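> my questions concern the predicted model and sequence given below.
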Amino acid sequence: MENYTHIIGCLRGRKIVLGVSGGIAAYKAAALARELGRVGADVHVALTEAGLRFVSALTFQALSGHRVWTSLWDGDAENGMPHIALGRGADAILVAPASADIIARLAHGRADDLLTALCLARDCPLFVAPAMNRQMWENPATQRNVATLRADGIIILGPDEGGQACGETGPGRMLEPGALCEALLAFFTPRLLAGRKVVVTAGPTFEAIDPVRGITNSSSGKMGYAIAAACARGGAETVLVSGPVALPAPAGVRRIDVASALRMRDEVLAVLPGADVFIAVAAVADYRPAQTAGHKLKKSGLPMRLELVPNPDILAEVAARPDAPFCVGFAAESQELDAYAESKRRAKRLPMLVGNLLADGVGGDDNTVVIYDDAGRHPLPRAPKALVARQIVEHLARLLPAG
Ligand code: C5P
(Lines give C-alpha, C1' and ligand atoms only; values in the text may rest on other atoms or scores of the structure.)
Protein backbone atom coordinates (compact mmCIF):
# COMPACT_ATOMS: atom_id res chain seq x y z
CA MET A 1 0.00 0.00 0.00
CA GLU A 2 2.93 2.30 0.65
CA ASN A 3 3.26 3.42 -2.98
CA TYR A 4 -0.31 4.58 -3.34
CA THR A 5 -0.41 7.59 -1.02
CA HIS A 6 -1.00 9.90 -3.95
CA ILE A 7 -3.78 7.71 -5.30
CA ILE A 8 -5.97 7.38 -2.25
CA GLY A 9 -5.77 11.03 -1.38
CA CYS A 10 -9.20 10.97 0.25
CA LEU A 11 -8.71 9.45 3.69
CA ARG A 12 -5.07 8.41 3.71
CA GLY A 13 -3.25 10.19 6.49
CA ARG A 14 -6.33 12.14 7.55
CA LYS A 15 -6.86 12.42 11.25
CA ILE A 16 -10.32 11.12 12.05
CA VAL A 17 -11.54 11.34 15.63
CA LEU A 18 -14.03 8.55 16.30
CA GLY A 19 -16.34 9.34 19.22
CA VAL A 20 -18.05 6.30 20.71
CA SER A 21 -21.01 6.93 22.97
CA GLY A 22 -23.13 4.52 24.99
CA GLY A 23 -25.24 2.16 22.92
CA ILE A 24 -25.17 -1.48 21.95
CA ALA A 25 -23.96 -0.47 18.46
CA ALA A 26 -20.67 0.51 20.18
CA TYR A 27 -19.43 -3.01 19.41
CA LYS A 28 -19.67 -2.16 15.71
CA ALA A 29 -17.53 0.93 16.27
CA ALA A 30 -14.59 -1.44 16.65
CA ALA A 31 -15.11 -2.68 13.09
CA LEU A 32 -15.53 0.92 11.99
CA ALA A 33 -12.19 1.92 13.55
CA ARG A 34 -10.56 -0.93 11.69
CA GLU A 35 -12.25 -0.08 8.38
CA LEU A 36 -11.18 3.56 8.62
CA GLY A 37 -7.64 2.44 9.37
CA ARG A 38 -7.72 0.09 6.40
CA VAL A 39 -8.38 2.95 3.96
CA GLY A 40 -5.50 4.86 5.46
CA ALA A 41 -7.10 7.15 8.05
CA ASP A 42 -5.23 8.03 11.23
CA VAL A 43 -7.92 7.08 13.76
CA HIS A 44 -8.05 8.51 17.28
CA VAL A 45 -10.80 7.34 19.58
CA ALA A 46 -12.70 9.11 22.35
CA LEU A 47 -15.03 7.00 24.45
CA THR A 48 -17.75 8.43 26.66
CA GLU A 49 -18.36 7.05 30.13
CA ALA A 50 -21.47 5.26 28.86
CA GLY A 51 -19.53 3.98 25.84
CA LEU A 52 -16.98 2.44 28.19
CA ARG A 53 -19.73 0.31 29.69
CA PHE A 54 -20.21 -1.39 26.31
CA VAL A 55 -16.66 -1.64 24.93
CA SER A 56 -13.20 -1.36 26.37
CA ALA A 57 -10.59 1.29 25.68
CA LEU A 58 -8.05 -1.46 25.08
CA THR A 59 -9.99 -2.71 22.03
CA PHE A 60 -9.76 0.68 20.37
CA GLN A 61 -6.19 1.24 21.43
CA ALA A 62 -5.18 -1.97 19.69
CA LEU A 63 -7.21 -1.17 16.56
CA SER A 64 -6.17 2.47 16.23
CA GLY A 65 -2.61 2.19 17.45
CA HIS A 66 -3.13 5.24 19.66
CA ARG A 67 -4.06 5.79 23.27
CA VAL A 68 -7.80 6.14 23.76
CA TRP A 69 -9.27 9.19 25.43
CA THR A 70 -12.01 8.83 27.98
CA SER A 71 -11.95 11.84 30.27
CA LEU A 72 -11.86 15.58 30.16
CA TRP A 73 -9.52 15.38 33.11
CA ASP A 74 -6.70 13.34 31.53
CA GLY A 75 -3.84 15.52 32.74
CA ASP A 76 -1.06 14.15 30.55
CA ALA A 77 -2.44 15.50 27.27
CA GLU A 78 -0.74 18.37 25.48
CA ASN A 79 -1.40 21.51 27.59
CA GLY A 80 -3.26 19.23 30.02
CA MET A 81 -6.29 19.73 27.80
CA PRO A 82 -7.30 16.55 25.93
CA HIS A 83 -10.33 18.19 24.30
CA ILE A 84 -7.98 20.61 22.56
CA ALA A 85 -5.11 18.17 21.94
CA LEU A 86 -7.33 15.51 20.41
CA GLY A 87 -9.20 17.90 18.15
CA ARG A 88 -6.09 19.70 16.95
CA GLY A 89 -5.40 18.92 13.31
CA ALA A 90 -8.43 16.64 13.07
CA ASP A 91 -9.91 16.42 9.57
CA ALA A 92 -13.25 15.16 10.85
CA ILE A 93 -15.00 13.94 13.96
CA LEU A 94 -17.38 11.00 13.59
CA VAL A 95 -19.65 10.16 16.50
CA ALA A 96 -20.71 6.53 15.98
CA PRO A 97 -22.79 5.34 17.63
CA ALA A 98 -24.46 8.58 18.66
CA SER A 99 -27.00 7.93 21.41
CA ALA A 100 -30.12 10.05 21.89
CA ASP A 101 -28.37 11.56 24.90
CA ILE A 102 -25.24 12.70 23.08
CA ILE A 103 -27.33 14.09 20.23
CA ALA A 104 -29.30 16.12 22.78
CA ARG A 105 -26.12 17.38 24.41
CA LEU A 106 -24.54 18.28 21.05
CA ALA A 107 -27.72 20.13 20.01
CA HIS A 108 -27.50 22.23 23.16
CA GLY A 109 -23.81 22.98 22.94
CA ARG A 110 -23.04 21.14 26.17
CA ALA A 111 -19.44 20.37 27.01
CA ASP A 112 -19.87 18.23 30.08
CA ASP A 113 -17.62 15.39 28.98
CA LEU A 114 -14.62 14.91 26.72
CA LEU A 115 -16.52 14.04 23.54
CA THR A 116 -19.03 16.90 23.71
CA ALA A 117 -16.25 19.37 24.64
CA LEU A 118 -14.22 18.11 21.70
CA CYS A 119 -17.15 18.58 19.33
CA LEU A 120 -17.80 22.08 20.64
CA ALA A 121 -14.15 23.10 20.29
CA ARG A 122 -13.72 21.68 16.78
CA ASP A 123 -12.89 23.44 13.53
CA CYS A 124 -13.54 20.46 11.25
CA PRO A 125 -16.66 18.71 9.88
CA LEU A 126 -18.70 16.71 12.39
CA PHE A 127 -20.51 13.52 11.36
CA VAL A 128 -23.10 11.93 13.61
CA ALA A 129 -24.39 8.36 13.19
CA PRO A 130 -27.50 7.96 15.38
CA ALA A 131 -28.13 4.59 17.01
CA MET A 132 -31.02 4.08 19.38
CA ASN A 133 -34.33 2.40 20.00
CA ARG A 134 -37.04 3.23 17.46
CA GLN A 135 -39.19 5.15 19.95
CA MET A 136 -36.25 7.20 21.17
CA TRP A 137 -35.46 8.10 17.55
CA GLU A 138 -39.07 8.98 16.72
CA ASN A 139 -39.57 11.06 19.86
CA PRO A 140 -40.17 14.70 18.90
CA ALA A 141 -37.40 15.80 21.26
CA THR A 142 -34.83 13.70 19.37
CA GLN A 143 -36.20 14.84 16.01
CA ARG A 144 -35.92 18.48 17.17
CA ASN A 145 -32.35 17.90 18.28
CA VAL A 146 -31.41 16.24 14.99
CA ALA A 147 -32.96 19.14 13.05
CA THR A 148 -30.87 21.54 15.16
CA LEU A 149 -27.70 19.60 14.37
CA ARG A 150 -28.53 19.65 10.66
CA ALA A 151 -29.18 23.38 10.80
CA ASP A 152 -25.76 23.78 12.43
CA GLY A 153 -24.14 22.07 9.42
CA ILE A 154 -23.54 18.75 11.17
CA ILE A 155 -23.84 15.78 8.84
CA ILE A 156 -26.27 13.10 10.03
CA LEU A 157 -25.49 9.63 8.66
CA GLY A 158 -28.51 7.31 8.90
CA PRO A 159 -30.05 5.81 10.88
CA ASP A 160 -31.02 2.63 9.12
CA GLU A 161 -34.27 0.74 9.57
CA GLY A 162 -34.48 -2.85 10.69
CA GLY A 163 -34.28 -5.20 13.64
CA GLN A 164 -33.05 -3.67 16.87
CA ALA A 165 -31.22 -5.11 19.87
CA CYS A 166 -34.33 -4.47 21.98
CA GLY A 167 -36.31 -6.83 19.74
CA GLU A 168 -38.30 -4.12 17.99
CA THR A 169 -38.13 -3.25 14.30
CA GLY A 170 -37.95 0.25 12.88
CA PRO A 171 -35.66 3.25 12.33
CA GLY A 172 -32.75 3.73 14.71
CA ARG A 173 -30.12 1.15 13.71
CA MET A 174 -26.64 2.56 13.21
CA LEU A 175 -25.45 2.42 9.60
CA GLU A 176 -23.04 -0.45 9.03
CA PRO A 177 -19.32 0.35 9.44
CA GLY A 178 -18.71 -0.03 5.69
CA ALA A 179 -21.44 2.51 4.87
CA LEU A 180 -20.09 5.01 7.43
CA CYS A 181 -16.57 4.62 6.07
CA GLU A 182 -17.92 5.07 2.55
CA ALA A 183 -19.70 8.30 3.57
CA LEU A 184 -16.42 9.75 4.86
CA LEU A 185 -14.54 8.60 1.76
CA ALA A 186 -17.17 10.26 -0.44
CA PHE A 187 -16.95 13.46 1.61
CA PHE A 188 -13.20 13.73 1.13
CA THR A 189 -13.11 12.70 -2.54
CA PRO A 190 -12.85 15.62 -4.97
CA ARG A 191 -16.14 15.99 -6.89
CA LEU A 192 -14.43 15.60 -10.27
CA LEU A 193 -17.62 14.35 -11.92
CA ALA A 194 -20.15 16.63 -10.22
CA GLY A 195 -23.12 17.29 -12.50
CA ARG A 196 -22.16 14.43 -14.85
CA LYS A 197 -24.09 11.28 -15.65
CA VAL A 198 -22.07 8.10 -16.09
CA VAL A 199 -23.25 4.71 -17.35
CA VAL A 200 -21.05 1.73 -16.47
CA THR A 201 -21.33 -1.93 -17.55
CA ALA A 202 -19.79 -4.62 -15.36
CA GLY A 203 -19.52 -8.35 -14.81
CA PRO A 204 -19.92 -11.22 -17.24
CA THR A 205 -22.98 -11.87 -19.38
CA PHE A 206 -24.91 -15.12 -19.30
CA GLU A 207 -26.12 -16.48 -22.63
CA ALA A 208 -28.78 -19.09 -21.99
CA ILE A 209 -28.64 -22.43 -23.79
CA ASP A 210 -31.72 -23.78 -22.01
CA PRO A 211 -33.52 -22.81 -18.77
CA VAL A 212 -30.62 -23.97 -16.55
CA ARG A 213 -27.49 -23.83 -18.71
CA GLY A 214 -25.60 -21.08 -20.39
CA ILE A 215 -22.36 -19.60 -21.67
CA THR A 216 -20.61 -17.20 -19.34
CA ASN A 217 -17.10 -16.26 -18.22
CA SER A 218 -15.12 -15.76 -15.03
CA SER A 219 -15.41 -11.97 -14.76
CA SER A 220 -15.99 -11.14 -11.07
CA GLY A 221 -17.37 -7.66 -11.71
CA LYS A 222 -14.95 -6.20 -9.14
CA MET A 223 -13.28 -3.74 -11.51
CA GLY A 224 -16.57 -2.45 -12.92
CA TYR A 225 -18.09 -2.09 -9.46
CA ALA A 226 -14.98 -0.24 -8.27
CA ILE A 227 -15.29 2.10 -11.26
CA ALA A 228 -18.98 2.74 -10.53
CA ALA A 229 -18.18 3.42 -6.86
CA ALA A 230 -15.40 5.84 -7.82
CA CYS A 231 -17.74 7.70 -10.22
CA ALA A 232 -20.42 8.02 -7.52
CA ARG A 233 -17.87 9.25 -4.98
CA GLY A 234 -16.68 11.73 -7.59
CA GLY A 235 -20.18 13.21 -7.65
CA ALA A 236 -21.58 11.60 -10.83
CA GLU A 237 -25.12 10.31 -11.22
CA THR A 238 -24.06 6.72 -11.79
CA VAL A 239 -26.02 3.91 -13.42
CA LEU A 240 -24.47 0.44 -13.34
CA VAL A 241 -25.78 -2.13 -15.80
CA SER A 242 -24.53 -5.36 -14.29
CA GLY A 243 -24.28 -8.95 -15.42
CA PRO A 244 -24.70 -11.70 -12.79
CA VAL A 245 -22.14 -11.17 -10.00
CA ALA A 246 -22.07 -11.72 -6.26
CA LEU A 247 -21.39 -8.13 -5.27
CA PRO A 248 -23.57 -5.54 -3.50
CA ALA A 249 -24.41 -2.33 -5.38
CA PRO A 250 -21.93 0.42 -4.41
CA ALA A 251 -23.31 3.32 -2.35
CA GLY A 252 -25.08 5.96 -4.40
CA VAL A 253 -25.18 3.85 -7.57
CA ARG A 254 -28.36 2.83 -9.43
CA ARG A 255 -27.89 -0.77 -10.47
CA ILE A 256 -29.80 -2.56 -13.21
CA ASP A 257 -29.38 -6.33 -13.29
CA VAL A 258 -29.23 -8.16 -16.60
CA ALA A 259 -28.09 -11.58 -17.79
CA SER A 260 -27.62 -11.62 -21.57
CA ALA A 261 -25.65 -9.27 -23.81
CA LEU A 262 -28.85 -8.37 -25.66
CA ARG A 263 -30.52 -7.28 -22.39
CA MET A 264 -27.38 -5.40 -21.39
CA ARG A 265 -27.46 -3.56 -24.70
CA ASP A 266 -31.17 -2.69 -24.31
CA GLU A 267 -30.71 -1.39 -20.76
CA VAL A 268 -27.62 0.63 -21.71
CA LEU A 269 -29.48 2.27 -24.60
CA ALA A 270 -32.45 2.97 -22.31
CA VAL A 271 -30.38 4.81 -19.69
CA LEU A 272 -27.96 6.45 -22.13
CA PRO A 273 -29.89 9.69 -22.85
CA GLY A 274 -28.21 12.53 -20.96
CA ALA A 275 -25.07 10.48 -20.21
CA ASP A 276 -21.74 12.32 -20.40
CA VAL A 277 -19.63 9.19 -20.03
CA PHE A 278 -20.02 5.50 -20.92
CA ILE A 279 -17.54 3.09 -19.35
CA ALA A 280 -17.76 -0.46 -20.69
CA VAL A 281 -16.08 -2.73 -18.18
CA ALA A 282 -18.32 -5.76 -18.74
CA ALA A 283 -16.86 -8.92 -20.21
CA VAL A 284 -19.63 -9.29 -22.78
CA ALA A 285 -19.87 -12.70 -24.44
CA ASP A 286 -18.92 -12.36 -28.08
CA TYR A 287 -21.39 -15.09 -29.10
CA ARG A 288 -24.72 -16.45 -27.90
CA PRO A 289 -26.58 -19.65 -28.80
CA ALA A 290 -28.61 -19.15 -31.97
CA GLN A 291 -31.56 -20.64 -30.11
CA THR A 292 -32.44 -20.95 -26.45
CA ALA A 293 -34.30 -24.18 -25.73
CA GLY A 294 -37.57 -23.70 -23.88
CA HIS A 295 -37.04 -26.91 -21.90
CA LYS A 296 -34.01 -28.54 -20.35
CA LEU A 297 -32.02 -30.33 -23.05
CA LYS A 298 -31.80 -34.08 -22.60
CA LYS A 299 -28.54 -35.90 -22.98
CA SER A 300 -27.96 -38.56 -25.58
CA GLY A 301 -24.88 -40.57 -26.36
CA LEU A 302 -24.30 -38.58 -29.55
CA PRO A 303 -22.08 -35.53 -30.10
CA MET A 304 -23.95 -32.25 -29.90
CA ARG A 305 -23.50 -29.10 -31.93
CA LEU A 306 -24.35 -25.69 -30.59
CA GLU A 307 -24.77 -22.98 -33.17
CA LEU A 308 -23.54 -19.60 -31.97
CA VAL A 309 -24.30 -16.17 -33.42
CA PRO A 310 -22.35 -12.97 -32.70
CA ASN A 311 -23.58 -10.57 -30.03
CA PRO A 312 -23.76 -6.84 -30.72
CA ASP A 313 -20.71 -4.89 -29.58
CA ILE A 314 -22.36 -2.52 -27.09
CA LEU A 315 -19.38 -0.22 -26.73
CA ALA A 316 -18.75 0.08 -30.48
CA GLU A 317 -22.44 0.81 -31.03
CA VAL A 318 -22.55 3.54 -28.36
CA ALA A 319 -19.27 5.09 -29.52
CA ALA A 320 -20.53 5.24 -33.14
CA ARG A 321 -23.63 7.26 -32.24
CA PRO A 322 -23.64 10.87 -33.43
CA ASP A 323 -24.46 11.95 -29.85
CA ALA A 324 -21.93 9.56 -28.29
CA PRO A 325 -20.86 10.29 -24.74
CA PHE A 326 -17.17 10.14 -23.79
CA CYS A 327 -16.52 6.39 -24.16
CA VAL A 328 -14.04 4.35 -22.16
CA GLY A 329 -13.30 0.76 -23.10
CA PHE A 330 -11.55 -2.03 -21.25
CA ALA A 331 -9.43 -4.76 -22.78
CA ALA A 332 -8.20 -7.83 -20.95
CA GLU A 333 -5.59 -9.62 -23.04
CA SER A 334 -3.51 -12.74 -22.53
CA GLN A 335 -0.52 -11.32 -24.45
CA GLU A 336 0.79 -8.32 -26.42
CA LEU A 337 -1.25 -5.88 -24.36
CA ASP A 338 -0.04 -2.68 -26.03
CA ALA A 339 -0.70 -3.82 -29.58
CA TYR A 340 -4.13 -5.38 -28.95
CA ALA A 341 -5.36 -2.66 -26.64
CA GLU A 342 -4.37 0.18 -28.92
CA SER A 343 -5.84 -1.53 -31.99
CA LYS A 344 -9.15 -2.04 -30.11
CA ARG A 345 -9.15 1.61 -29.08
CA ARG A 346 -8.70 2.68 -32.69
CA ALA A 347 -11.18 0.15 -34.12
CA LYS A 348 -13.91 1.28 -31.71
CA ARG A 349 -12.85 4.97 -31.99
CA LEU A 350 -12.44 5.44 -28.24
CA PRO A 351 -10.77 8.45 -26.65
CA MET A 352 -9.63 6.21 -23.78
CA LEU A 353 -9.14 2.51 -23.12
CA VAL A 354 -7.86 0.68 -20.06
CA GLY A 355 -5.88 -2.49 -20.72
CA ASN A 356 -4.67 -5.23 -18.47
CA LEU A 357 -3.14 -8.65 -18.86
CA LEU A 358 -5.54 -11.42 -17.81
CA ALA A 359 -3.00 -12.79 -15.36
CA ASP A 360 -2.83 -9.41 -13.59
CA GLY A 361 -6.45 -8.61 -12.95
CA VAL A 362 -9.20 -11.11 -13.58
CA GLY A 363 -10.99 -12.20 -10.41
CA GLY A 364 -8.46 -10.76 -7.95
CA ASP A 365 -8.62 -7.71 -5.71
CA ASP A 366 -5.65 -5.94 -7.28
CA ASN A 367 -4.95 -4.93 -10.84
CA THR A 368 -2.10 -3.65 -12.99
CA VAL A 369 -3.44 -1.55 -15.85
CA VAL A 370 -2.27 0.73 -18.61
CA ILE A 371 -4.41 3.63 -19.80
CA TYR A 372 -4.29 4.34 -23.55
CA ASP A 373 -5.42 7.65 -25.02
CA ASP A 374 -4.49 9.97 -27.91
CA ALA A 375 -1.42 11.11 -25.97
CA GLY A 376 -0.04 7.57 -25.62
CA ARG A 377 0.22 4.93 -22.91
CA HIS A 378 0.04 5.66 -19.19
CA PRO A 379 0.93 2.69 -16.96
CA LEU A 380 -0.45 2.76 -13.41
CA PRO A 381 1.24 1.05 -10.48
CA ARG A 382 -0.25 -2.24 -9.29
CA ALA A 383 -2.88 -1.41 -6.69
CA PRO A 384 -6.18 -2.52 -5.17
CA LYS A 385 -9.00 -2.15 -7.70
CA ALA A 386 -10.64 0.68 -5.71
CA LEU A 387 -7.48 2.74 -6.09
CA VAL A 388 -6.98 1.84 -9.73
CA ALA A 389 -10.60 2.89 -10.34
CA ARG A 390 -9.99 6.22 -8.68
CA GLN A 391 -7.01 6.92 -10.93
CA ILE A 392 -8.97 5.93 -14.01
CA VAL A 393 -11.74 8.35 -13.00
CA GLU A 394 -9.19 11.11 -12.41
CA HIS A 395 -7.71 10.45 -15.86
CA LEU A 396 -11.05 10.52 -17.66
CA ALA A 397 -12.13 13.64 -15.76
CA ARG A 398 -9.03 15.38 -17.18
CA LEU A 399 -9.92 14.32 -20.74
CA LEU A 400 -13.63 15.05 -20.46
CA PRO A 401 -14.81 18.04 -22.50
CA ALA A 402 -16.13 20.85 -20.26
CA GLY A 403 -19.79 20.14 -19.40
O1 C5P B 1 -14.37 -8.03 -26.24
P2 C5P B 1 -13.42 -6.87 -26.44
O3 C5P B 1 -12.03 -7.16 -26.01
O4 C5P B 1 -13.55 -6.25 -27.81
O5 C5P B 1 -13.94 -5.76 -25.39
C6 C5P B 1 -13.39 -4.49 -25.40
C7 C5P B 1 -14.39 -3.51 -24.82
O8 C5P B 1 -15.63 -3.59 -25.54
C9 C5P B 1 -14.75 -3.69 -23.38
O10 C5P B 1 -14.84 -2.39 -22.86
C11 C5P B 1 -16.11 -4.36 -23.41
O12 C5P B 1 -16.89 -4.01 -22.28
C13 C5P B 1 -16.71 -3.82 -24.68
N14 C5P B 1 -17.63 -4.77 -25.33
C15 C5P B 1 -18.97 -4.47 -25.45
N16 C5P B 1 -19.81 -5.35 -26.10
C17 C5P B 1 -19.34 -6.49 -26.63
C18 C5P B 1 -17.97 -6.80 -26.52
C19 C5P B 1 -17.13 -5.93 -25.87
O20 C5P B 1 -19.42 -3.43 -24.94
N21 C5P B 1 -20.16 -7.31 -27.25
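Cool, got the structure. What you see is a predicted model; the values in this text were computed from it and never measured.

> wait, residue 105 touches residue 118, no?
No - using CB atoms under 8 Å, residue 105 makes no contact with residue 118, being 11.9 Å away. Any C-beta I mention is one placed from the backbone N, CA and C, and that applies to glycine too.

> neighbour count winner among those two?
Between residue 105 and residue 118, counted using other CB atoms under 10 Å, residue 118 has the larger neighbour count: 25 against 21.

> mind checking how far that one is from the ligand?
Relative to the ligand, residue 118 is positioned 48 Å away (criterion: CB to the nearest ligand atom, to the nearest Å).

> please name the residues that touch that residue.
17, 19, 46, 82, 83, 86, 87, 93 (CB atoms under 8 Å, 6 or more residues apart in numbering).

> farthest pair within these?
82 and 93 (13.6 Å; CB to CB).

> please, where are all the strands along the stretch 51-200 of the chain?
92-98, 126-130, 155-156, 160-163, 169-173, 197-202 (DSSP state E, counting those that start in this stretch).

> measure stretch 112-126 end to end?
By CA to CA, to the nearest Å, the extent of stretch 112-126 from end to end equals 18 Å.

> in terms of contact, does residue 286 touch residue 314 like I think?
No - using CB under 8 Å, residue 286 is not in contact with residue 314; the gap is 11.5 Å.

> looking at these two, which is more packed in?
residue 314 (23 against 14).

> return the distance of the closest residue in space to that one that isn't next to it in sequence relative to residue 272.
For residue 314, the nearest residue in space outside its immediate sequence neighbours is residue 265; the separation is 4.8 Å by CB to CB, 6 or more residues apart in numbering. Noted for residue 265: a distance of 10 Å to residue 272, by CB to CB, to the nearest Å.

> re earlier: and which of the contacts of residue 118 is nearest residue 68?
residue 46 (7.4 Å).

> hmm, back to that, which of residue 265 and residue 272 has more neighbours?
residue 265 (21 against 18).

> just how off-centre is whichever strand or helix holds the more buried one within its chain?
Using DSSP states H and E, residue 265 sits within helix 261-271. Relative to its chain's centre, helix 261-271 lies at 24 Å (CA atoms, centre = their mean, to the nearest Å).

> which secondary structure elements does the following helix or strand past that helix sit against?
The first helix or strand that comes after helix 261-271 along the chain, using DSSP H and E, is strand 277-280. For strand 277-280, the packing partners by 3 or more CB pairs under 8 Å, 6 or more residues apart in numbering; DSSP states H and E come out as strand 197-202, helix 222-233, helix 314-319, strand 326-333.

> export those as TSV, with columns for distance to the ligand and mean pLDDT.
Below are the helices and strands packed on strand 277-280 laid out as TSV (distance: least, CB to the nearest ligand atom, whole Å; pLDDT from 0 to 100):
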stretch	distance to the ligand	mean pLDDT
strand 197-202	6	98
helix 222-233	9	94
helix 314-319	3	98
strand 326-333	4	96
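
> okay, now the closest residue to residue 259 other than its chain neighbours: neighbour count?
Distances taken as CB to CB, 6+ apart put residue 206 closest to residue 259, at 4.3 Å, once the chain neighbours are dropped. Other residues lying near residue 206 total 20 when counted by other CB under 10 Å.

> same deal with residue 126?
22.

> just residue 29 next, same as before
Look at residue 29: counted by other CB under 10 Å, it has 31 neighbours.

> how is it assigned, secondary-structure-wise?
Judged by DSSP: H, G, I helix; E, B strand; the rest coil, the three-state class of residue 29 is helix.

> going forward, the N-terminal residue is numbered 53.
Let's use 53 as the start, then, which means that last one is residue 81.

> for the nearest residue to residue 207 once chain neighbours are set aside, give me its contacts.
Excluding its sequence neighbours, the residue lying closest to residue 207 (CB to CB, 6+ apart) is residue 179, at 4.8 Å. Shown in contact with residue 179 (CB under 8 Å, 6+ apart): 144-148, 206-209, 232, 235-236, 239.

> how near is the residue nearest to residue 311 to residue 240?
Computed as CB to CB, the residue 258 to residue 240 distance reads 37 Å.
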